[in-house]
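*Asks:* A structural model of the following input is requested.
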Amino acid sequence: MTKAIGIDLGTTYSVAAIIEDGQAKVIKNAEGENLTPSVFAETAQGHKLVGSVAKSQAAANTEKTVMSIKRHIGSDYRVSLNGRSYSPQEISSFILRKIKSDAENYLGEEVKKAVITVPAYFNDGQRQATKDAGRIAGLDVIRIINEPTAASLAYGLDREDIQTILVWDLGGGTFDVSILELGDGFFHVKAVSGNTRLGGDDWDQRLLDYFAEKFLNEHGVDIRSDKYALQRLKEACEKAKRELSCQPGVKISLPFIKPACPPAGWSEADRARAGRTQNGKLKDPEVSIDRETFEAITSDLREKLVGPTRLALSDARLSPDEIDRIVLVGGSTRMPSVRELVEKIFNKKPYVKINPDEVVGIGAAVQAGVLTGEISDVVLVDVTPLSLGVETQGGLFTKIIHRNAAIPTSAGQIFTNAEDNQAVMDIHVLQGEREMAVDNFSLGQFQLTDIPTLPRGKAHVEVSFKIDVNGIVKVSAQELHTEKQTGIKIDASYLLSDEQVKQAVSEAEAHAEEDMKKRESLEINIQADSMIRAAELVVEEKKGKLSTSYLRQIESVIFKVKEAMAQGESGLIKNKTEALRKLLEKM
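*Replies:* Numbering: from 1, shown residues only. Now for the predicted structure:
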């Protein structure tokens with residue numbers, strides 16, 4: 001069987017891994033990095049950029065750069081770029097196609113199969129949409145597995161003693177809690193919980209709001225009114241969040257922003273305080289924050305981590321002191337306040353000897369190795385995150401498969417007609433935990449027709465659910481007297497149809513051919529991105545050692561390279577990159 005790769009398709013970063021000589025190994029991308037930014041962009045000429053090169057030009061091309069698309073997958077959200085509308089599945093497929101290409105370059109052979117991870121609390125629609133994204137990218141997605149489950153595979157494969165672990169996964173856009181029993185190659189998921197709308201992006205947004213207010217109050221500049229300055233502030237906030245995990249405070253500055261006129265009535269003292277010259281221009285706008293303040297403005301976000309944790313413990317019928325080890329996954333778990341919260345809940349320090357950014361991708365590779373026969377003696381028992389059922393009379397939600405049932409699984413229940421001589425029965429399929437149907441996720445509807453016309457309560461219809469190993473659902477209904485049957489594979493109205501998927505696959509293949517022709521253009525973008533990162537590192541290291549004017553000159557040229565990348569003109573990018581290289585050589 002051909003090799004299969006494991007992919008952690010993340011909100012902010014994605015990772016791919018492979019099994020080599022029985023061991024999981026992260027695959028470096030074309031830029032030589034382990035992490036690929038989950039960012040997609042189009043230039044003014046319609047050229048497609050993915051990963052680091054897309055992220056680098058974002059400040060100069062905000063309207064045509066897409067970030068954190070994972071938060072919208074499985075919804076009717078659309079992105080409009082250069083006059084064309086894209087679904088989240090299609091945007092995700094561009095990221096997956098790059099990962100596939102990078103893996104093929106590394107392995108020297110075509111990659112056809114993949115295991116892709118999703119948050120444990122993803123519903124059926126989101127899982128199906130993720131699988132569709134893989135199909136559009138040209139991948140046979142042989143398994144969809146939960147991210148915390150993948151992390152446990154990477155963590156516990158070589159352990160022989162049975163133990164209970166809790167995986168805390170705080171990524172860029174989602175939060176998951178999974179409790180597993182593992183040991184001697186056996187992995188049994190006992191409970192999952194989480195929040196698909198909570199992640200590191202929310203901490204970044206708090207910083208952005210804080211800094212935007214500080215710039216307004218201290219310098220009279222509304223950053224949020226300038227889309228280019230706002231994107232640069234977003235990038236600075238992500239960096240500041242990381243730095244606050246290892247130092248007590250940070251400062252950020254945004255040189256070259258276009259300041260608005262100072263407020264009417266400002267005195268010269270006001271201008272001086274705000275760092276403005278006599279003609280109103282900003283000298284060097286800079287604001288700061290300390291870790292204590294950062295933790296204060298994000299305290300409510302941390303509180304949102306507690307509820308899903310308590311729910312998972314309750315579902316597993318365990319107390320905090322019965323958890324043998326807490327494993328942290330996701331870059332956002334590096335924040336000291338998050339680790340302190342874990343220690344407070346469980347009265348023990350979390351396990352931090354694994355790389356939280358890469359562990360999910362490694363676990364996905366382990367699962368791929370199990371499915372392709374490269375790894376043996378491993379048994380994985382996963383669970384469904386939410387209950388599944390149907391709407392019944394009065395708008396009630398009747399559960400047929402309950403939350404945390406081991407998958408694959410199937411179950412059925414017999415229902416009867418609610419009215420005399422009812423010839424048609426509407427089946428409304430739902431997923432969730434609320435008592436009323438309206439409060440749960442609607443997965444789809446279908447009809448069972450030609451039911452024998454009988455008095456109320458005399459017809460008998462069996463509704464059956466089947467969940468496969470990917471957590472994807474099929475529902476059927478059968479009238480037991482006539483044995484007439486119908487059903488659906490859950491495909492909520494906002495998902496792509498098979499025809500749309502086929503069309504998207506064809507278009508993706510056409511773009512792949514175009515990408516081959518544009519290889520030189522992409523390499524120029526990669527070189528520009530590398531030069532930008534090298535220059536930004538120099539600026540960081542040389543602060544206080546070189547003159548402010550020289551550092552500002554470097555920063556100005558860096559931004560010109562980013563503007564060239566946004567315009568998509570290869571010749572211009574090459575020229576601006578060369579100018580930046582020569583400027584650095586003078587040092």
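
*Asks:* Give me the helix or strand of the protein that scores worst on average pLDDT.
*Replies:* Every helix and strand in the chain was compared by mean pLDDT, DSSP states H and E; the lowest is helix 268-273, with a mean of 54.

*Asks:* Name all residues that make contact with L386.
*Replies:* By C-beta atoms under 8 Å, 6 or more residues apart in numbering, the residues touching L386 are 121, 123, 403, 431-433, 441. From N, CA and C alone the C-beta is placed, and that goes for glycine too.

*Asks:* ok, now F40?
*Replies:* 48-50, 54, 65-66, 69, 91, 94-95.

*Asks:* between these, which is closest to I27?
*Replies:* Comparing these against I27 with C-beta to C-beta picks out I95 as the nearest, at 14.3 Å.

*Asks:* if you skip the residues just before and after it, what's nearest to the closest one?
*Replies:* Closest residue in space to I95, ignoring its immediate chain neighbours: S38 at 5.4 Å, by C-beta to C-beta, 6 or more residues apart in numbering.

*Asks:* Could you do S337 as well?
*Replies:* Once flanking residues are discounted, S337 sits nearest to E295: 4.6 Å by C-beta to C-beta, 6+ apart.

*Asks:* can you check I401 too?
*Replies:* Residue nearest to I401 in three dimensions, not counting chain neighbours: L388, with 4.5 Å by C-beta to C-beta, 6+ apart.

*Asks:* what about the strands in the stretch 201-350 of the chain?
*Replies:* 249-253, 286-290, 325-329 (DSSP state E, counting those that start in this stretch).

*Asks:* Do you know the pLDDT at R84?
*Replies:* With respect to pLDDT, R84 has a value of 91.

*Asks:* Name the residues linked to it by a beta bridge.
*Replies:* Taking DSSP bridges as the rule, R84 bridges to L81.

*Asks:* Quick one: low-confidence residue ranges for this structure.
*Replies:* Along the chain, segments meeting pLDDT under 70 span 1, 156-162, 183-186, 255-284, 376-383, 470-471, 487-519, 522, 587.

*Asks:* Regarding it, what is its longest helix?
*Replies:* helix 519-542 (DSSP state H).

*Asks:* Helix or strand next in line after that one, which one?
*Replies:* As assigned by DSSP states H and E, the chain's next helix or strand after helix 519-542 is helix 548-567.

*Asks:* before we move on, the earlier item: mind giving me CSV with the strands of the stretch 201-350 of the chain and columns for mean neighbour count and distance to G74?
*Replies:* Converted to CSV, the strands of the stretch 201-350 of the chain look like this (neighbours: other C-beta atoms under 10 Å; distance: least, C-beta to C-beta, whole Å):
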stretch, mean neighbour count, distance to G74
strand 249-253, 16, 35
strand 286-290, 16, 35
strand 325-329, 23, 22
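
*Asks:* So which of those strands is nearest K239?
*Replies:* When those are compared by C-beta to C-beta, strand 249-253 sits nearest K239, at 7.9 Å.

*Asks:* Partner strands of the closest one and their direction?
*Replies:* In the sheet, strand 249-253 lines up with strand 286-290 (antiparallel) (DSSP bridges).

*Asks:* Who are the contact partners of M67?
*Replies:* Listed by C-beta under 8 Å, 6+ apart, the contact partners of M67 are 12, 38-39, 55, 58.

*Asks:* Could you pull up the residues touching the residue of the chain positioned farthest from its centre?
*Replies:* Ranked by distance from the centre of the chain (C-alpha atoms, centre = their mean), the top residue is P455, with 51.5 Å. The neighbourhood of P455, defined by C-beta under 8 Å, 6+ apart, consists of 420-421.

*Asks:* Phi, psi for it please.
*Replies:* phi -60, psi 160 (degrees, to the nearest 10).

*Asks:* And S464, which helix or strand is it part of?
*Replies:* Taking DSSP H and E as the definition, S464 sits inside strand 461-467.

*Asks:* Output that strand as CSV - backbone C-alpha positions only.
*Replies:* The C-alpha trace of strand 461-467 is given here as CSV (Å, rounded to 0.1, in the frame of the first residue of the first chain):
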residue,chain,number,x,y,z
VAL,A,461,-41.3,3.3,11.2
GLU,A,462,-37.8,2.5,12.3
VAL,A,463,-35.3,5.3,12.0
SER,A,464,-31.7,4.0,12.0
PHE,A,465,-28.4,5.9,12.4
LYS,A,466,-25.0,4.6,11.3
ILE,A,467,-21.7,6.4,12.1
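
*Asks:* I'd like the next helix or strand past that strand.
*Replies:* Heading C-terminal from strand 461-467 (DSSP H and E), you reach strand 473-479.

*Asks:* In the sheet, which strands lie alongside that next one, parallel or antiparallel?
*Replies:* The strands that strand 473-479 pairs with in its sheet are strand 461-467 (antiparallel), strand 485-489 (antiparallel) (by DSSP bridges).

*Asks:* Looking at the ones you listed, which one is packed in the most?
*Replies:* With neighbours defined as mean count of other C-beta atoms under 10 Å, those peak in mean count at strand 461-467, which reaches a mean of 20.

*Asks:* which residues in the stretch 1-150 of the chain form strands?
*Replies:* 4-8, 13-20, 23-26, 36-37, 39-42, 48-50, 65-67, 79-81, 84-86, 113-118, 140-146.

*Asks:* Tell me the buried residues in the strand or helix carrying A191?
*Replies:* For A191, the host element (DSSP H and E) is strand 186-195. For strand 186-195, the neighbour count (16 or more other C-beta atoms under 10 Å) marks 187-195 as buried.

*Asks:* okay if I get those as a markdown table plus distance to A418?
*Replies:* Putting those into a markdown table (distance: C-beta to C-beta, whole Å) gives the following:
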| residue | distance to A418 |
| --- | --- |
| F187 | 43 |
| H188 | 40 |
| V189 | 37 |
| K190 | 37 |
| A191 | 35 |
| V192 | 34 |
| S193 | 34 |
| G194 | 36 |
| N195 | 36 |
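
*Asks:* which of the residues you listed lies closest to K560?
*Replies:* When those are compared for distance to K560 (C-beta to C-beta), N195 wins out at 41.1 Å.

*Asks:* Once you drop chain neighbours, what's closest to the closest one?
*Replies:* Leaving aside its chain neighbours, N195 sits nearest to F175 (4.7 Å; criterion: C-beta to C-beta, 6+ apart).
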